[in-house]
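Undergrad: have a look; sequence and predicted model below, questions after that.
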2 protein chains.
Amino acid sequence: MAHQILKENIAKHVSFPEKELSLFCNSFYPVQLAKKDFLLKQGDICSFEGFVTKGCLRVYTLDAMGNEYILHFAIKDWWITDIDSFTNQTSSHLSIQALEASEVLLINKNEKEALYQQSPNVEKLFRIMTQKTHVALQRRIIRDHSLTADDRYLYFINTYPKIAQRLTNIQLAAYLGISHEFVSKIRRKISQQK
Amino acid sequence: MAHQILKENIAKHVSFPEKELSLFCNSFYPVQLAKKDFLLKQGDICSFEGFVTKGCLRVYTLDAMGNEYILHFAIKDWWITDIDSFTNQTSSHLSIQALEASEVLLINKNEKEALYQQSPNVEKLFRIMTQKTHVALQRRIIRDHSLTADDRYLYFINTYPKIAQRLTNIQLAAYLGISHEFVSKIRRKISQQK
DNA sequence: CGCGACGTTGATTTGCCTCAACGATTGTGG
DNA sequence: CCACAATCGTTGAGGCAAATCAACGTCGCG
């Protein structure tokens, strides 16, 4: 079931011969997470590349003052890892935590490297996925520079309504880079306009 | 000469057999650019992946109001493309322009695809480079959210002194996401502190 | 030379933050 | 299952970082 979601996700990116696709997907093992469980803690080394099949997680970092900055959320059909820590086996700058009971499929570094050897399609898959994320990150930087807090809020809830639904104002604020009080004021302003 | 710079750059990312490396590098052709020349214009389709061997360029986008947002600069040893437009052959959101007389080495999409077929090392090279950029973009988003304009300015000139040297306040402002007047005020504040 | 692009500076405004208080909602241990 | 704590959301007052606007000086270039 969970593996089926993964298969369909991969098919969106590249076309794989069914045999390779199954081999690839079967290298992933499921992990159940309770609310507030950590998949990765800042400072640890990220041993996995993950795919969410249920629930919701956040990927974030804390600065020296304890302020929290959320890089992104991940619900069903999203990939999660600290790509830097994972590929270089260095201490992670990021934490990944379940915001609710969640299920993820994980693959270890050794397994992934082995698959790279076995199938050029795997290398291609990850190159393409990384490219897509790259484009998304570039666009987010532009949005952060060009839009007001109000418009970034609206962009997020319109673009990711299924994620926005599940978040507290505090979490959304830590993603948008604004205070949670101001999120509250934006919501009021918008509801009055209607 | 220019190709030598490219070879050394690639060697920083992955180890290639010399023969493959030469084959790869020879697929790039040099292009000379005068100051203000465009390598890519917003709306066009990006046909190349490029590597700068001389000069300085900027990668930027204009919004509907004509405001300019600079994604990054590129001097010697930097790669440039619109990865979205290039890989998907879609209309580009970005422009790339020479800020001074520059030289770049370009490779076309067809050539690059051919190389992907010939050598798995090429696929790996681009996956690794894209991953590195990915990490850099993530960190930039965090910096944009966590640092004041003063600190982002300082970070940039300390991290990229060779680039900062060549830029006008206006260009730097369009990169940092602040007004050029404020850049001027930051500079004054810093010089007074010393 | 004269023009246009750039840099500087000050006055004013504004978007968003901080702090504080309070109500509502959720979670939890007895 | 309830009581109480903890977390979250709302609101207002006041403050600050940075934008905007405007004026002016400088420099490089056709």
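TA: Good, I have the coordinates.
Undergrad: residues in chain A within reach of DNA strand C, list them.
TA: A:148, A:149, A:150, A:177, A:178, A:179, A:181, A:182 (CB under 7 Å from any atom of the strand). (Each C-beta comes from the backbone N, C-alpha and C, glycine too.)
Undergrad: strands of chain A, start to end?
TA: All strands of chain A, identified by DSSP state E, fall at A:29-33, A:38-40, A:48-54, A:56-62, A:68-75, A:79-80, A:95-98, A:102-108.
Undergrad: possible to save these as a markdown table with mean neighbour count?
TA: Below are these laid out as a markdown table (neighbours: other CB atoms under 10 Å in any protein chain shown):
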| stretch | mean neighbour count |
| --- | --- |
| strand A:29-33 | 15 |
| strand A:38-40 | 20 |
| strand A:48-54 | 23 |
| strand A:56-62 | 20 |
| strand A:68-75 | 20 |
| strand A:79-80 | 21 |
| strand A:95-98 | 21 |
| strand A:102-108 | 20 |
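Undergrad: wait, which of those is closest to residue B:186?
TA: In terms of CB to CB, the element of those nearest to residue B:186 is strand A:68-75, at 22.6 Å.
Undergrad: the inter-axis angle of that closest one versus strand A:48-54?
TA: Interaxial angle of strand A:68-75 relative to strand A:48-54 (axes from the mean of the first three to the mean of the last three CA atoms, to 10 degrees): 60 degrees.
Undergrad: what sits against residue A:87?
TA: B:128, B:131 (CB atoms under 8 Å, 6 or more residues apart in numbering or on different chains).
Undergrad: contacting residues around residue A:34?
TA: A:98, A:101.
Undergrad: from DNA strand D, how far off is it?
TA: 15 Å (CB to the nearest atom of the strand, to the nearest Å).
Undergrad: can you check residue A:8 too?
TA: 32 Å.
Undergrad: count the neighbours of that residue for me.
TA: 10 (other CB atoms under 10 Å in any protein chain shown).
Undergrad: for it, give me the pLDDT.
TA: Residue A:8 is assigned a pLDDT of 94 by the prediction.
Undergrad: so how far is residue A:103 from it?
TA: From residue A:8 across to residue A:103, the span is 16 Å (CB to CB, to the nearest Å).
Undergrad: any chance of CSV for the strands of chain A, columns mean pLDDT?
TA: Output for these, formatted as CSV (pLDDT from 0 to 100):
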stretch, mean pLDDT
strand A:29-33, 97
strand A:38-40, 97
strand A:48-54, 97
strand A:56-62, 97
strand A:68-75, 98
strand A:79-80, 98
strand A:95-98, 97
strand A:102-108, 97
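Undergrad: to residue B:52, which of these lies closest?
TA: Per CB to CB, nearest to residue B:52 of the strands of chain A: strand A:68-75, 28.8 Å.
Undergrad: what's the angle between the closest one and strand A:56-62?
TA: 160 degrees.
Undergrad: measure stretch A:89-99 end to end?
TA: 26 Å (CA to CA, to the nearest Å).
Undergrad: swap in stretch A:12-31?
TA: Start-to-end, stretch A:12-31 (CA to CA) is 23 Å.
Undergrad: what does stretch A:156-172 give?
TA: 9 Å.
Undergrad: which stretches in chain A count as helices?
TA: A:2-13, A:18-26, A:83-88, A:109-118, A:120-146, A:149-159, A:161-164, A:169-176, A:180-193 (DSSP state H).
Undergrad: dump those to TSV, plus distance to residue B:15.
TA: Conversion of those to TSV gives the following (distance: least, CB to CB, whole Å):
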stretch	distance to residue B:15
helix A:2-13	28
helix A:18-26	26
helix A:83-88	16
helix A:109-118	15
helix A:120-146	16
helix A:149-159	41
helix A:161-164	41
helix A:169-176	39
helix A:180-193	48
